[in-house]
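Undergrad: Structure of the sequence below:
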Amino acid sequence: MKSFRRLISCAANPIWEIEPYLEEKSYPWLYPEGKGGEADPERPLQISIRDYYKQRLKSSDNRWQKDPTWIFRALNLLQRQDLCRSVNYHAKKKYQHGKLCYQIYPDIGMVIRGSSAFWEKARRHLRAMYATLGKPFIFLSINLQDDVEFLTNIDPDKFGSTNNPNFQAIDSLSDDEYLMLVNQNAALVARMCKRRIAAFEEYINDKKYPFLIDYVVSHYFFKIEFQRDGLPHLHTLLWVENPPSTETTEGRQAILNFVDKFLTTELPDPNAEPHLYKLVRKKQWHAHTFTCSKNKPIIRRRRERKQLTSELNDKTQDNLHHMYSINRSNEEEIYEKVDPENDPDLLRMKVERREFFERARCRFGKPDPLAANTHFRTHNESRILTRGDRDIIMKRTTEESRRIVPYNINLLKTFKCNHDVQIVTDPWAAAEYLFSYISKEAHMEKDLVQKLAGCTCSTVEEARKVLLKAGNAVLSHRQIGKVEAVWLILGIPLYRCSMATTHLYISLPSYEDRILKNVNFNIDCITEDDFVTTIIHRYSQRPSIPEVINNLTLFEFAVWFSTDYSDSTHEDDQNDSFTINPLWRSSYDEPPLLKMSRRLPRIKLASDQKMRQHENPKCVTFTCLHDDTAQCIYSILCLNIPFRDAVQEFLGGQQ
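TA: I've put the predicted structure just below:
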């Protein structure tokens, strides 16, 4: 008897566009009437697919945010749509005959939010803030998910109201049950965390009642990271006004005084402060879990350098032989026979050994050692370090305080969430920690870019296919949770900061890439007006009056001015109405022109285009190729010396 196998052939010409009623047919349990999907032609007001997905997730009907297949399909369609647009734009803009595709991919990979190329842009932004502001003062890690607020919103009958929560039902909820509720209401979690991030930003920016008591926060950098359970976590770097220095004795003492005033490790009295006691035990108490030992313990031991000369070595060996002879002849006089079960020194060593290996197995370094007062780690205490050891040792006088993460009382009472505050003693280590998480797909992305390094294309269409294939491979191998997927669909930022950044691309004229306003223009009759102007060309057209504008460097111009697209025709736009700031160049925050009205000062270029002075300064990043000496020197000259025509003034008219 013959066996038959049913073979289903693939479509010869697959269609990747969204068809009408395709979503309704795929999810009949969401669309029982077969209408109202993403491409419904009967919808009276057509909206973009991105706005459609956002509105579905924000709807009071939570059927869409409960369905994981619908969420991941929506994210997949949006990211592939963004990828196609980016590939079409950059391949057409940057492709040259025989140009390597890996040189184009970084700009394309940035549209994939959360990818390695995306975070590389954020890393450059943070480095620009370091170069502009110096090192930050505080590193703060905080979990902004409020369990009580979330649970009372999804089920008031069981968990009570926000003002009168049912703590018995909330505390009896297991971790698995809580995560199940989180995944069923992923959009609500993401939107609540977004609102709490905005509230936290306002909280730390309060000038009247400073968050840091003695210091006012001047700038900040936020980065969102999703933990193992899928919930968002916020890492923050804070810059303050007039921070103390760790290089001086007075500065170190001021830091210790601030730490004692701002943080505590004491467990509150359950009778006197029951609410605070409950918050500390629930949010700041460290209990060992499987995450503490998920990696191999990391221990660093300080060893002395062995750089003794042969003469010193011989002398040391003679001394050792002499001591050995004394030990052998006078053993009963040097050593004391003790009972190992009752000797206090041996018992203390046994306890210290057990506690050390307990801390070594925990990647957070818990429990912390006892300390009579807050102090910087001494030379003896730095002999052996485990992961989690910090440069400042907090005051801990009780056994309970050893397992408490240092907390600020006002911050804990306000946001009711876990937080960890550290003084930044190694600024570059803090910056690298923010971007140290490299997932499997990020490693795959780097390997993919290395493979692209040997790929050349002869046509734009061939380059587009290679880049699309690379981008789709990155998207196909990403591993993200449901809350993170909703976060990306809603377009909530993954990082934000208090300073905007502008990028300067400076190149020798012979290697400069220019963009045409109209790509279909006749190449034989191109003039300067047919190219898109950059900030460098606008800088060359700045007015010569007042003198302060004429003496601006390109770096200062990029910090303070941007194109004004408003249609204002006020008389105060004229150059003779400017008021020069007498404190200009005394600090980075002082602008060249004073604001004398509600409107910001504006200057008029030679091309009649207007530039507006910013309310706050920007930080600047620029491309400097260190392996090309001429390019490097030319970039430094253009950034720091005022010019009108860089080719004539710096290159002698030779391109």
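Undergrad: The spatially closest residue to Arg73 that is not a sequence neighbour: neighbour count?
TA: Spatial nearest neighbour of Arg73, chain neighbours left out: Ser26 (7.9 Å); criterion: C-beta to C-beta, 6 or more residues apart in numbering. To be clear about C-beta, it is placed using only N, CA and C from the backbone, and glycine gets the same treatment. Counted with other C-beta atoms under 10 Å, residues neighbouring Ser26 total 13.
Undergrad: cool, and Val424?
TA: 20.
Undergrad: avg pLDDT for stretch 413-431?
TA: What stretch 413-431 shows for mean pLDDT is 86.
Undergrad: Which positions within that stretch qualify as buried?
TA: 415-425, 430-431 (16 or more other C-beta atoms under 10 Å).
Undergrad: Same question for stretch 134-151.
TA: Result for stretch 134-151 [16+ other C-beta under 10 Å]: buried residues 135-148, 150-151.
Undergrad: Need the distance between the two termini of that stretch.
TA: 42 Å (C-alpha to C-alpha, to the nearest Å).
Undergrad: on that earlier part again, and the residue nearest to Arg73, how far from Arg396?
TA: Separation of Ser26 from Arg396 (C-beta to C-beta, to the nearest Å): 58 Å.
Undergrad: Select from the buried residues of stretch 413-431 every entry located in helices.
TA: 415, 430-431 (DSSP state H).
Undergrad: ok, of these, which one's closest to Gly36?
TA: Gly36 lies nearest to Phe415 out of those, by C-beta to C-beta, at 38.4 Å.
Undergrad: coming back round to it: need the buried residues of stretch 413-431 in a markdown table (columns: distance to Asp391).
TA: Below are the buried residues of stretch 413-431 laid out as a markdown table (distance: C-beta to C-beta, whole Å):
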| residue | distance to Asp391 |
| --- | --- |
| Phe415 | 26 |
| Lys416 | 29 |
| Cys417 | 25 |
| Asn418 | 22 |
| His419 | 19 |
| Asp420 | 15 |
| Val421 | 14 |
| Gln422 | 9 |
| Ile423 | 8 |
| Val424 | 10 |
| Thr425 | 4 |
| Ala430 | 12 |
| Ala431 | 16 |
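Undergrad: can you give me the strands in the stretch 1-150 of the chain?
TA: Under the criterion DSSP state E, counting those that start in this stretch, strands of the stretch 1-150 of the chain are mapped to 138-142.
Undergrad: Kindly report the same for the chain.
TA: Assigned by DSSP state E, the strands in the chain fall at 138-142, 217-226, 232-240, 299-301, 375-376, 384-386, 392-393, 419-423, 495-497, 501-505, 561-563, 602-604, 610-613, 619-623.
Undergrad: Among those strands, show the one with the smallest mean pLDDT.
TA: strand 299-301 (a mean of 57).
Undergrad: Show me what the most centrally placed residue in the chain is bridged to.
TA: The centroid of the chain falls nearest to Lys223 when counting by C-alpha atoms, centre = their mean (3.2 Å). Going by DSSP bridges, Lys223 is paired in beta bridges with His235, Tyr495.
Undergrad: Run through the residues that contact it.
TA: 122, 234-236, 434-435, 494-495 (C-beta atoms under 8 Å, 6 or more residues apart in numbering).
Undergrad: how far does stretch 180-200 sit from the chain's center?
TA: 19 Å (C-alpha atoms, centre = their mean, to the nearest Å).
Undergrad: buried ones in that stretch?
TA: Buried, per 16+ other C-beta under 10 Å, within stretch 180-200: 181-194, 196-197, 200.
Undergrad: Next, Gln541: phi, psi?
TA: phi -100, psi 10 (degrees, to the nearest 10).
Undergrad: Quick check: the gap between it and Ala254.
TA: 48 Å.
Undergrad: Hmm, Arg390 is touching Arg377, no?
TA: Yes - at 7.4 Å, Arg390 counts as touching Arg377 under the criterion of C-beta atoms under 8 Å.
Undergrad: what's the burial count for the nearest residue to Ala606 once chain neighbours are set aside?
TA: Closest residue to Ala606 apart from its sequence neighbours, by C-beta to C-beta, 6+ apart: Gln541 at 4.1 Å. By other C-beta under 10 Å, the residues close to Gln541 number 15.
Undergrad: Check whether Gln541 really touches Lys610, as I assumed.
TA: No - applying C-beta under 8 Å, one finds Gln541 not in contact with Lys610, separated by 11.3 Å.
Undergrad: show me what contacts Glu590?
TA: Contacts of Glu590 by C-beta under 8 Å, 6+ apart are 581, 583-584.
Undergrad: Repeat the analysis, applying 10 Å as the threshold.
TA: Glu590 makes contact with 560, 581-584, 617, according to C-beta atoms under 10 Å, 6 or more residues apart in numbering.
Undergrad: how about low-confidence regions in the stretch 201-350 of the chain?
TA: 290-336, 338 (pLDDT under 70).
Undergrad: those helices in it, which residues are they?
TA: Counting by DSSP state H, counting those that start in this stretch, one finds helices in the stretch 201-350 of the chain at the ranges 249-262, 274-279, 310-329, 331-334, 344-361.
Undergrad: Where does pLDDT dip in the stretch 401-550 of the chain?
TA: 436-458, 513-525, 528.
Undergrad: mind listing the helices in it by residue range?
TA: Under DSSP H, counting those that start in this stretch, the stretch 401-550 of the chain gives helices at 409-415, 427-434, 440-452, 460-476, 482-489, 535-540, 547-550.
Undergrad: repeat for the stretch 51-200 of the chain
TA: Using DSSP H, counting those that start in this stretch, helices in the stretch 51-200 of the chain cover 63-66, 68-94, 105-109, 116-133, 147-154, 156-159, 167-171, 175-184, 186-204.
Undergrad: Equivalent analysis for the stretch 551-655 of the chain, please.
TA: Under DSSP H, counting those that start in this stretch, the stretch 551-655 of the chain gives helices at 554-560, 629-640, 646-651.
Undergrad: what comes up buried for the longest one?
TA: For helix 629-640, the buried set under the neighbour-count rule, 16+ other C-beta under 10 Å, comprises 631, 634-635, 637-639.
Undergrad: same check, this time on stretch 158-177
TA: Quick answer for stretch 158-177 (16+ other C-beta under 10 Å): 159-160, 165-166, 170.
Undergrad: Name the residues that touch it?
TA: 146-153, 155-157, 178, 180-181, 229, 278, 282, 289.
Undergrad: If we use 7 Å, what do you get?
TA: Defining contact as C-beta atoms under 7 Å, 6 or more residues apart in numbering, one finds that stretch 158-177 is touched by 147-149, 151-152.
Undergrad: Quote the end-to-end distance of it.
TA: End-to-end distance of stretch 158-177 (C-alpha to C-alpha): 14 Å.
Undergrad: ditto for stretch 205-224
TA: From start residue to end residue, stretch 205-224 stretches across 19 Å - C-alpha to C-alpha.
Undergrad: Distance from the chain centre to it, please.
TA: 17 Å.
Undergrad: what's the answer for stretch 553-564, then?
TA: Its chain's C-alpha centre and that of stretch 553-564 lie 26 Å apart, by C-alpha atoms, centre = their mean.
Undergrad: Any idea how far apart the tips of that stretch sit?
TA: Start-to-end, stretch 553-564 (C-alpha to C-alpha) is 20 Å.
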